[in-house]
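Trainee: Build me a model:
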Amino acid sequence: PFAIFPLLDGGTSGVIIPGYGNSAERGFLLENGGYYWHVNDMLNVKLLGDIYSRGSWAIKPSITYKKRYKYSGSFSFSYAQNKTGIRKSSKYQSRNDFKINWTHTQDPKANPNHSFSANVNFVTSQYNKTNPSTTTDYLSNTFNSSIAYQTSFFNKKLNFSLNAGHTQNTLDGKMTFTFPNFSLSSPKIYPFKKKVASGKQKWYEKIYFSYSMVGKNELTSVDSLLFEGNIWEKMKNGIKHSIPIGYNAKIFNVMQFSVSANYTERWYSKYFDKYYQSDTTYEDGIAVPPHLVEDPIYAFKAARDFNFSTSLNTTLYGMMQFKKFFVRAIRHVVTPSLSFNYTPDFGTEFWNYYDTYTNSYGEQVKYSIFSANGYSPLYGTPNDGES
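Mentor: Sure thing, here's the model as predicted:
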């Protein structure tokens, strides 16, 4: 025997020979055959496909990429039309399934001010049962995805992050999407502090404040009903702004004094109007007994609250010594503190965050317009009652 193995520079493109076999439900098969294309040293493309004698087929393109000192990753998409059983028989089924995988990693040294990463793994409920790549794929029933972006502005005085994700269970078909999920925050800012320190610090230079904003949008559904109906009404979202203001100082160099005020504002796109339906109604010919009706109203609504707190504390030390006792000394530490906290009543009619309905007993029931049975807002509601 004699053979020549040429040595080539770089990668080589070529045909990928498929595997063959037989499936009891889909017939004879050729799978994972196709073409590999070496575009350059940074990008490779692979196009694979499956074909079955009873009409099933699949196409599976994928790419891998890498830029040195910058980023690397891969993306693959699989689409399959699965036909099982004998055509025109009671057990014949035709179903379209797909799968998406994407991984992206940024080199930590590529950019010190921002980073981006992705790990997406989305699959329809039956794809891995009929088109598994590995045994692990066939046995898995939970999948998660995450995409994250982080950056900073103004010499790292503002930090911003943006995330998206999804979780799914292929056994019951339940899926939860989170997009967008973001946050913006700043460290403590001293607005009255001198840019160039000189002399003794004034009391007002110690006043500080900070700002943070968080937001989230969630969508929970089963895969078969994901795109049915009004998707906007299925979403649960909100944005919360927080602004704490504070002042810290020492009194006579022995007592620590602090005062703070916190302002919070929440933005929601849905609230509820509740009333008790005292009469029996009929829906599609079915009698519905008296019940509580919770009508969602899809409109912008803001909820604001604030509170005030102050405290004064110090530390006292004492030493008791003994000359003719096996315990030579006892040291005492006492930390007395005095604090006051106040939160107004946001359940009054002035704020319009709470309402009432009359129940079956004729009693007035107070409720938060942002909450309902089985639904709670992402960032809570203002308190009902003064404290």
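Trainee: what's the distance between residue 177 and residue 52?
Mentor: Look at residue 177 and residue 52: by Cβ to Cβ, to the nearest Å, they are 33 Å apart. In short, each C-beta sits where N, CA and C put it, glycine included.
Trainee: Also residue 238?
Mentor: Distance, residue 238 to residue 52, using Cβ to Cβ: 48 Å.
Trainee: that older thread, looking at residue 177 and residue 52, which one has more neighbours?
Mentor: Using other Cβ atoms under 10 Å, the more surrounded residue of residue 177 and residue 52 is residue 52, with 22 against 19.
Trainee: Skipping its backbone neighbours, what lies nearest that one in space?
Mentor: Spatially, and ignoring its direct neighbours in sequence, residue 52 is nearest to residue 26 (4.1 Å; Cβ to Cβ, 6 or more residues apart in numbering).
Trainee: now residue 132
Mentor: Residue nearest to residue 132 in three dimensions, not counting chain neighbours: residue 138, with 4.0 Å by Cβ to Cβ, 6+ apart.
Trainee: can you list contacts of the host helix or strand of the one you found?
Mentor: When elements are assigned from DSSP states H and E, residue 138 belongs to helix 135-139. Under the contact criterion Cβ atoms under 8 Å, 6 or more residues apart in numbering, helix 135-139 has outside partners 128-129, 132.
Trainee: okay if I get the residues you listed as JSON lines plus pLDDT and neighbour count?
Mentor: Formatted as JSON lines, the contacts of helix 135-139 follow (pLDDT from 0 to 100; neighbours: other Cβ atoms under 10 Å):
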{"residue": "128", "pLDDT": "83", "neighbour count": "21"}
{"residue": "129", "pLDDT": "81", "neighbour count": "14"}
{"residue": "132", "pLDDT": "79", "neighbour count": "13"}
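Trainee: I figured residue 345 hits residue 382, correct?
Mentor: No. Here residue 345 lies out of contact with residue 382, judged by Cβ atoms under 8 Å, at a distance of 9.3 Å.
Trainee: Neighbour count for the two, which is higher?
Mentor: Higher neighbour count among residue 345 and residue 382: residue 382, with 20 against 14, using other Cβ under 10 Å.
Trainee: which phi and psi does the more buried one have?
Mentor: When quoted as degrees, to the nearest 10, the phi and psi of residue 382 stand at phi -60, psi 150.
Trainee: can you offset everything so residue one is 12?
Mentor: From this message on, residue numbering opens at 12, which makes the last subject residue 393.
Trainee: Might one say that it is in contact with residue 316?
Mentor: Yes. Residue 393 is in contact with residue 316 according to Cβ under 8 Å; the separation is 3.9 Å.
Trainee: okay, and the common contacts of these two?
Mentor: Common neighbours of residue 393 and residue 316, using Cβ under 8 Å, 6+ apart, are residue 357.
Trainee: can you map out the helices along the chain?
Mentor: For the chain, the helices defined by DSSP state H occupy 138-141, 146-150, 242-245.
Trainee: tell me the most buried of the ones you listed?
Mentor: Greatest average neighbour count among those goes to helix 138-141 (a mean of 19), per mean count of other Cβ atoms under 10 Å.
Trainee: Tell me how many other residues crowd residue 261.
Mentor: By other Cβ under 10 Å, 11 other residues sit near residue 261.
Trainee: With residue 60 instead?
Mentor: By other Cβ under 10 Å, the residues close to residue 60 number 19.
Trainee: quick one: the strands in the stretch 12-161 of the chain?
Mentor: Ranges of strands in the stretch 12-161 of the chain, per DSSP state E, counting those that start in this stretch, are 25-27, 30-34, 38-51, 54-63, 68-78, 82-95, 104-117, 125-134, 153-164.
Trainee: Which parts of the fifth one count as buried, going by neighbours?
Mentor: Applying a neighbour-count criterion of 16 or more other Cβ atoms under 10 Å, one finds 68-71, 74, 76 buried in strand 68-78.
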